[in-house]
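Enquirer: Kindly generate the corresponding structure for this input.
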Amino acid sequence: MMKKMMFSLILACAASVYAAPNLPAEVRKELAEAEQMCREHENGKLDFSKGVSIVDLNNDGISDYIVDYNGLYCDTAASLFAGNSGAVYFIYTGLPNGKARLAYTGSSYELRLDRRGATARLYEATSGGACGQDMRHVTTAELEGCLRELKWNAAKQRFDLGKKIIKL
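Expert: Numbers count the residues shown, from 1 in each chain. Now for the predicted structure:
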């Protein structure tokens, strides 16, 4: 009986994240870890439909993948992945062989994806010192928000946070 229950649990996992279409194994693994965290909270179910974006960010003609924990939802623990400091996100670059490689990890209140133009652009919403604000004698209520673009660094094969600051 116990073996049958374990097999059913494994099938349930396989039917969710691992069966996600068009996602490389590396991205599915990231989501599977989030799904496991959710399941550990009263057998929660993970909805990742708003937490994954597929877009070519480095303009190489191959899809890249953004896993934004702000968009993940666990039905038994709503604040499991994001809080008042935002949430972690990962950018994976797609490879010609169908795999993906982690190219950036960050934390943000919100990611904004601009698909206008020839190349999509990704902006991280942040605040305080990351926006150039002098943090001496600043309360949380006085933090200034801004957007910073993530720029592809072809030489290093990763994304870097751009220097340009767009005030909110």
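Enquirer: Any stretches of this structure with poor pLDDT?
Expert: Applying pLDDT under 70 to the chain flags the ranges 1-21.
Enquirer: Not counting its neighbours along the chain, what's nearest Leu161?
Expert: Arg148 (5.3 Å; CB to CB, 6 or more residues apart in numbering). (C-beta placed from N, C-alpha, C; glycine too.)
Enquirer: If the one you found is in a bridge, with which residues?
Expert: Going by DSSP bridges, Arg148 is paired in beta bridges with Glu124, Ile165.
Enquirer: how close does Tyr73 get to Lys45?
Expert: 9 Å (CB to CB, to the nearest Å).
Enquirer: Repeat that for Thr105.
Expert: In terms of CB to CB, Thr105 sits 26 Å off from Lys45.
Enquirer: before we move on, back to that, hmm, Lys167 and the residue nearest to Leu161 touching each other?
Expert: No. If you go by CB atoms under 8 Å, Arg148 and Lys167 don't touch, sitting 10.8 Å apart.
Enquirer: Just want to know which of these two has more residues nearby.
Expert: Arg148 (21 against 10; other CB atoms under 10 Å).
Enquirer: Would you check how far apart that one and Ser63 are?
Expert: Going from Arg148 to Ser63 by CB to CB gives 23 Å.
Enquirer: likewise Asn70?
Expert: Separation of Asn70 from Ser63 (CB to CB): 21 Å.
Enquirer: cool, and Glu42?
Expert: Counting by CB to CB, the gap from Glu42 to Ser63 is 35 Å.
Enquirer: same question, Ala141
Expert: 40 Å.
Enquirer: Show me which of these two is the more surrounded one.
Expert: Neighbour totals were compared for Ala141 and Ser63, and Ser63 leads with 18 against 5 (other CB under 10 Å).
Enquirer: in terms of contact, does Ser111 touch Tyr89 like I think?
Expert: No Ser there; residue 111 is Leu. Yes. Assessed by CB under 8 Å, Leu111 is found in contact with Tyr89 at 6.0 Å.
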